[in-house]
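Colleague: Turn this into a structure:
(one chain, ligands or ions: 2)
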Amino acid sequence: EVFSSTEDLKEVVETENVLVGVLERYIRAEKQKIKMLESHVQNQKQEYQTAKQDIEKYVGNPINSFRLIKRLIVDWEHMEIIMGANISKEFLENITLHKQNLKFPKNEDLTGISVALLRLQSTYQINATSMADGILVDQQYNSTLSASDCYQIAREAFLEDEYQHSLLWLQLADIKLRKEPDDFLDQRDILEGLIYAAYEYGYVELAINYTKELLEIDPNHQEILENLALFTEFLKSGRNMSIIRRAITKDEKLSDQLCRNENITPLQFTSKLKCRYINNNNPFLLIAPFKVEQAYLNPEIIIVYDIITEKEIEIIKRLSVPKLERAQVYDPDGELINVSYRVSKSAWLTDDENTYVYAVSKRIADITALSMRTAEDLQILNYGIGGYFTNHWDYYEEELAERHEDGNRIATVLIYMSDVEQGGSTVFPRLKVAVRPKKGTALIWHNLNAYGEVIKETFHTACPVLVGSKWAANKWIHVAGQELLRPKLKNNVHNSHLDKMNIIVAAFLLSMLLNGGSSEVFTSIDDLKDVLEIENNMVGVATGIISLQLTYLINETSIINGQIGGKQYNLTLGGSDCYELGKEAYTSENYYRAFKWLEQANAMLKVKPDMYIDREDVLERLSIAAYRFGYTQSAVNYTQELLELSPTNEKALQNLAAYTEVLESGVQRVPFLLHSEKLLAMGAGCVSTAAGLGRTFGSEGDFGKTVVGGGFRVGAESFSRGVRSGFRKEVFSRSGRSLALVRAGGGAVAPLAGGGGALDASPLKPGPC
Ligand SMILES: O=C(O)CCC(=O)C(=O)O
Ligand SMILES: [Fe+2]
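Modeller: Residues are numbered from 1 along each chain as shown. Ligands and ions are numbered 1, 2, ... in the order given. All right, here's what the predicted structure looks like:
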């Protein structure tokens, strides 16, 4: 099947080119044959003319006699051979071979593309005449349809029981054929079609008229004569044809309107929507925040600009092309099936097959503040002409959701990887929202609310592509794995465990894993260990604690002193624990939390050294975390402290120079804090409310302040990935795997020293995008 994606159709264009080549060679060969026959015929004619003047004299010449006889025996035999040469056979075989090896459309493609045209007609309200003249909505294109094209569409419409469409296309074919005769189409074919289409549509009288017209041309057409009798009898009986037309639902009507850019939520409502920058307190987003526009407030649908680069799009498209297959949907039994209401091709790309795919997933995690652990692979979509996906929800319904081990699809990230010339919008009929595809932009929404319940208003449609090609990618994020990020979230699978998954449990885990714990604690959380899969997993617990800190506004000191969830626990943290937490925050690029934990670690280790921990390591990381978060003065101070311990540390000296230069340049690096972070920074205690969904896309407001950095994104410095365990000293400066900011050959960190274009101090402005 080729009609459902532009990518496959592109290859079909090449197929046609190859076949045209074969046809041309065949025509040349046939012409050559005719040419040979012609020259022989000319010679013979000439001989005859000469002979005719005096036949007796002619045959009296022995040479002439010999040539006459030879011509008729030998030459004539050659002529017959040439005449009988079946040149076409070889070429036809060649064509058959090409059809097998090249991408070649089948009958189902003709049906598919014809049905697509009918769909475009009804969604975009285009009449057959306009379409045949190349007018699509309000654009004139210079491709038009001939009589036989119109006839073919009518035929397919008839086979699809679309009799009204069939009738209209046949009438058009009729008009066109009268103006421009066609080798492959006969007036009688059209009339026959008109008779049946009119009859099936319930226009019996019209069917009779066409029958009479056909009988004028072809008076002995037996079948038609019989029909005439039947039709006339039917008309006399006074009965009515009962035409069954499918009722169109309110959602369908609204979707069609929205696809046409009609009936979109009024402006006075949308004007309340804001454009903002998000960073989710993620340092990467701090450096290069994403521009976000709200498409709807509640449920929130956001549009994130420039989520993916041109290069990433190109690579992702290239990777997916060989994998594209007809997109399927789940039937109620959970089986994947082809359906006529989803017409596109799709391919799945895994994070580990390509760094660009991984980079996109990682960025989605940053933006949504959701874990990608149980997210589905990236689904790439390519729609052909008329390709669409009718109203649906992305979440699984009822039992299907219960059966899915990672829970339901909590959120959808739909990335547009192309612009679409006409059509192809994503529309939400119940919200009256329509979004036009824009290359590089993503549409993000939650399919489930904070309690894990489905949001029915997310019903949506991918409108048929009218002109152009549509590339998109879906990332579906699942419930499982979001427990720490979405504490209120319930889902069918993990419900019972999630109820227990609260701050107290985190405290238990903390005490167990960081301090050895007590047997009493062990038994009470035994069942949870399996569910959470974090036994002996320092990273998991550390990440969990950092997330919980933000959700419940627990500052470092409280945790260190065992005050969690309004209770005093019999656990305290030492310098090494704080260092572990700081390192983890650093690794997950949460430099603010890293700074806070490492500051604690440094202070504690100063008073009470730990034989396994080198305070230089702590200070180096601490100063870099400070710098990355925007605390340049602290970065300077801690680097100076490091230099007190190790005055010749080359990298520390270079970093100090770099930090000082930034400070002196006067560029203000004002850190962005989420509301909850601000409260935390102000020393608020434990509060009972969770941050909930509001956090997902960051809070509004402060982004107008100075943000340092430029370009699309600053790449991740992954020095500690993969060496999380046993990582102590070998990772740090002395091992040569530099953490330093100043590195030869650039690397991930923006250049700092003079002339470095990356330090763009111009503030980003709030306001509509
Ligand atoms: O392509 C679009 O605009 C939407 C696609 C979609 O809704 C889906 O694949 O689930
Ligand atoms: Fe969808």
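Colleague: and L206, how many neighbours?
Modeller: L206 is flanked by 17 other residues according to other C-beta atoms under 10 Å. Placement of C-beta: from N, CA and C, glycine included.
Colleague: a helix runs through it, doesn't it?
Modeller: Yes - the assignment for L206 is a helix, going by DSSP: H, G, I helix; E, B strand; the rest coil.
Colleague: Three-state assignment for the closest residue to it other than its chain neighbours, please.
Modeller: Once flanking residues are discounted, L206 sits nearest to A198: 4.1 Å by C-beta to C-beta, 6 or more residues apart in numbering. Using three-state DSSP, the structure places A198 in helix.
Colleague: Show the pLDDT at A198.
Modeller: Note on A198: pLDDT of 90.
Colleague: what's near enough to touch it?
Modeller: Contact analysis of A198 by C-beta atoms under 8 Å, 6 or more residues apart in numbering lists L167, V204, L206, A207, Y210.
Colleague: Now for the residue of the stretch 151-300 of the chain found nearest ligand 1, how many residues are close by?
Modeller: When scored by C-beta to the nearest ligand atom, the stretch 151-300 of the chain has C259 as its residue closest to ligand 1, at 10.7 Å. For C259, the neighbour count with other C-beta under 10 Å is 23.
Colleague: Point out the residues in this protein that sit beside ligand 1.
Modeller: When proximity is defined by C-beta under 6 Å from any ligand atom, the chain lies next to ligand 1 at L381, F389, D394, L414, T426, H460, A462, A472, N474.
Colleague: rerun at 8 Å
Modeller: Applying C-beta under 8 Å from any ligand atom, we find that the chain lies next to ligand 1 at 327, 342, 344, 346, 379, 381, 383, 389, 392, 394, 412, 414, 416, 424-426, 435, 437, 443, 460-463, 470, 472, 474.
Colleague: Quick check on those residues: which are buried?
Modeller: Taking 16 or more other C-beta atoms under 10 Å as the criterion, what is buried in those is 327, 342, 344, 346, 379, 381, 383, 389, 394, 412, 414, 416, 424-426, 435, 437, 443, 460-463, 470, 472, 474.
Colleague: What about these, which are in strands?
Modeller: Using DSSP state E, the members of these that fall in strands are 346, 379, 381, 383, 389, 412, 414, 416, 426, 435, 443, 460-462, 470, 472, 474.
Colleague: residues near E56, how many?
Modeller: Neighbours of E56 using other C-beta under 10 Å come to 7.
Colleague: can I see the domain layout of the chain?
Modeller: 6-101, 107-237, 264-478, 495-501+508-735 (automatic domain parsing).
Colleague: If you average pLDDT over each of those, which is lowest?
Modeller: domain 495-501+508-735 (a mean of 60).
Colleague: Just give the nearest non-adjacent residue to Y388, would you?
Modeller: P464 (4.0 Å).
Colleague: OK, contacts around the one you found?
Modeller: Going by C-beta under 8 Å, 6+ apart, the list of residues near P464 reads A116, R119, L120, T123, Y124, C259, G386, G387, Y388, G423, G424.
Colleague: With respect to ligand 1, which of these is nearest?
Modeller: Nearest member of the contacts of P464 to ligand 1, counting by C-beta to the nearest ligand atom, is G424, at 6.9 Å.
Colleague: Return the backbone torsion pair for the closest one.
Modeller: When read as degrees, to the nearest 10, the backbone of G424 gives phi 80, psi 10.
Colleague: Look up how far L324 lies from it.
Modeller: Separation of G424 from L324 (C-beta to C-beta, to the nearest Å) stands at 17 Å.
Colleague: quick revisit: mark which of the contacts of P464 are part of strands, please.
Modeller: G423.
Colleague: now, which of the contacts of P464 lie within helices?
Modeller: A116, R119, L120, T123, Y124, C259 (DSSP state H).
Colleague: list the buried ones in the helix or strand in which E213 is found?
Modeller: Assigned by DSSP states H and E, E213 belongs to helix 204-217. Of all the residues in helix 204-217, those buried under the rule 16+ other C-beta under 10 Å are V204, L206, A207, I208, Y210, T211, E213, L214, L215.
Colleague: do stretch 248-257 as well
Modeller: Buried, per 16+ other C-beta under 10 Å, within stretch 248-257: D251, E252, L254, S255, D256, Q257.
Colleague: ok, now which ones touch the residue of the stretch 301-450 of the chain found nearest ligand 1?
Modeller: Closest contact between the stretch 301-450 of the chain and ligand 1, by C-beta to the nearest ligand atom, is at T426 (3.5 Å). Neighbour list for T426: L414, A434, V435, P437, L443, H460, T461, A462, C463 [criterion: C-beta under 8 Å, 6+ apart].
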